[in-house]
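A.B. asks: Need a 3D model of the following:
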Amino acid sequence: FSTPSRPVGAAPRRTMAPFKVGVVGAIYSWAILATFGYARHRFSTASANRLVSACNAVVITGLAVAALAVHASDLTDRPPLHPMIAVSIECMCAYLSYDIVLGLVAGFESAPGPMLAHHAMGLAAEALVLVYGFGGFSLVVVHLAEGSTPFLHLSWALLKFGYGGTRLFFATGVALVLTFGILRVILPAWVLFGNLLTESGTAAWGAASALHEFFVLVVVIFWFLNCFWFVKLLRVAMGKASPHHEHGLSRPSSGSSSAGSLSGVSLEPGRRAD
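C.D. replies: Presented below is the predicted three-dimensional model:
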C-alpha cells in the first residue's frame with residue numbers, strides 16, 4: 001500500500017463526507033434490525049446475532065477490498081475521507097451500536113465490563129475518523145479483519161448442526177486460522193509499524209496529535225487482543241488436529257462444549273452463546 005502526498009492541515013477539522021452523514025448509517029441500521037428480527041423468529045438470539053455478524057463482515061470486507069482495489073491511489077490518512085471509506089465507517093458504526101445495545105439487553109457471553117469497553121472504544125475510533133477525516137486509509141485496512149468472521153460463524157454453525165466431523169468443517173477451520181492470522185494479526189501490525197508509527201504516517205495527522213494517539217491506542221489494544229486469541233486459536237486447532245485428542249478438528253465429540261471452542265475465538269469476544 002502507498003499513500004499519496006497531500007498538504008497537511010494546521011489543525012484538526014470536521015470533515016463531512018460527500019453525502020449527508022447519517023443517512024447510510026440509518027439505512028444500514030434498518031437492514032441490520034430487519035435481518036435480526038427475521039432470523040430471531042426462526043432461530044435463537046445467538047444464532048440470529050451470528051447471522052447478522054456474518055452478513056456485516058461480508059459487507060465491511062467487500063467495501064474495504066473495493067476501496068483498496070479501485071481507489072488505492074486516492075487513499076490517505078489525511079482528510080477528507082474517500083466516499084467509500086465514509087460509507088464503510090457508517091456501516092461499521094451502525095453495526096457496533098446494534099451490538100452494544102444487544103449486549104446490554106441480552107447480555108454478553110462473559111466479562112460484560114471489558115466487552116462493553118472493547119466495543120465502545122471501537123465505536124469511538126470509527127466515529128472520530130468519520131467526523132474529523134483523519135485515519136481513513138489505516139481504518140479501511142483494519143476493516144479487512146472482518147474477512148475472518150464468516151469462517152468463525154460457519155465453523156460454529158457446522159458444529160451446532162452436527163457437521164463437526166466433516167471435511168467442510170476441517171477446511172473452514174483451516175480458513176479461519178489463515179484469515180485470522182493474516183487479517184487480524186499481520187495486517188494490523190503493518191498498520192501500526194509500517195504506517196501509523198512512522199514519521200510520514202504521524203505527519204499525515206498534522207496537528208491532530210490527540211486523535212492520532214487515541215487511534216494508535218485502540219489499534220494497539222485490539223492487536224494485542226488478536227494476538228492473544230490467535231495463540232488460543234492455534235492451540236485449539238493443533239490439539240484438535242491430533243487423532244489422539246478427543247475433540248479433534250477431524251473428529252469432534254458431539255455434544256461437547258469444548259468442541260465449540262474453535263468458534264469462540266474472535267476479535268469480538270462479546271458474542272452471546274446459545
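A.B. asks: Could you list the low-pLDDT ranges of the protein?
C.D. replies: 1-21, 109-110, 240-274 (pLDDT under 70).
A.B. asks: Break down it into its helices, ranges please.
C.D. replies: With helices called from DSSP state H, the chain shows them at 23-40, 45-70, 83-106, 112-132, 136-143, 149-160, 167-179, 187-191, 199-203, 209-241.
A.B. asks: what's in contact with the fifth one?
C.D. replies: When contacts are defined by Cβ atoms under 8 Å, 6 or more residues apart in numbering, helix 136-143 is touched by residues 1, 3, 60-61, 63-64, 67-68, 75-77, 79, 81-82, 85-86, 88-89, 92, 125-126, 129, 187-188, 190-191, 195-196, 201, 215, 219, 222. In short, each C-beta sits where N, CA and C put it, glycine included.
A.B. asks: how much space between residue 101 and residue 120?
C.D. replies: Applying Cβ to Cβ, to the nearest Å, the value for residue 101 to residue 120 is 12 Å.
A.B. asks: Then residue 87?
C.D. replies: Distance, residue 87 to residue 120, using Cβ to Cβ: 22 Å.
A.B. asks: Looking at those two, which is more packed in?
C.D. replies: Remark: of residue 87 and residue 120, residue 87 carries more neighbours, 20 against 12, as counted by other Cβ atoms under 10 Å.
A.B. asks: is it true that that one touches residue 62?
C.D. replies: No: using Cβ atoms under 8 Å, residue 87 is not in contact with residue 62, being 10.9 Å away.
A.B. asks: re the thing from before, quickly compare the helices of the chain and say which is most buried.
C.D. replies: helix 136-143 (a mean of 26; mean count of other Cβ atoms under 10 Å).
A.B. asks: Not counting sequence-adjacent ones, nearest residue to the most centrally placed residue in the chain?
C.D. replies: Centroid-nearest residue in the chain, with Cα atoms, centre = their mean: residue 146, separated by 4.1 Å. Counting by Cβ to Cβ, 6 or more residues apart in numbering, residue 146 lies nearest to residue 57, which is 4.1 Å off, once chain neighbours are set aside.
A.B. asks: quick one: contacts for the one you found?
C.D. replies: Counting by Cβ under 8 Å, 6+ apart, residue 57 touches 146, 147, 149, 150.
A.B. asks: The residue nearest to residue 148 when sequence neighbours are not counted and residue 123, how far apart?
C.D. replies: Distance criterion Cβ to Cβ, 6+ apart; nearest residue to residue 148, sequence neighbours excluded, is residue 179 at 3.9 Å. According to Cβ to Cβ, residue 179 stands 23 Å off from residue 123.
A.B. asks: Could you do residue 107 as well?
C.D. replies: Applying Cβ to Cβ to residue 107 and residue 123 gives a distance of 19 Å.
A.B. asks: same deal with residue 162?
C.D. replies: 36 Å.
A.B. asks: Check residue 186 too.
C.D. replies: With Cβ to Cβ as the criterion, residue 186 and residue 123 are 25 Å apart.
A.B. asks: One more: residue 201?
C.D. replies: Following Cβ to Cβ, the distance that separates residue 201 from residue 123 is 23 Å.
A.B. asks: just residue 183 next, same as before
C.D. replies: Distance, residue 183 to residue 123, using Cβ to Cβ: 20 Å.
A.B. asks: In contact with residue 51, which residues?
C.D. replies: Counting by Cβ under 8 Å, 6+ apart, residue 51 makes contact with 35, 36, 39, 43, 153.
A.B. asks: Next up, the contacts around the second one.
C.D. replies: In this structure, residue 36 makes contact with 48, 49, 51, 52, 98, 102, judged by Cβ under 8 Å, 6+ apart.
A.B. asks: can you rerun that using 7 Å?
C.D. replies: 48, 49, 52 (Cβ atoms under 7 Å, 6 or more residues apart in numbering).
A.B. asks: ok, these vs residue 24, which is closest?
C.D. replies: The shortest approach to residue 24 among the contacts of residue 36 belongs to residue 52, at 17.2 Å (Cβ to Cβ).
A.B. asks: My understanding was that that closest one contacts residue 35; is that so?
C.D. replies: Yes: the pair residue 52 / residue 35 is scored as a contact, 5.3 Å apart, by Cβ atoms under 7 Å.
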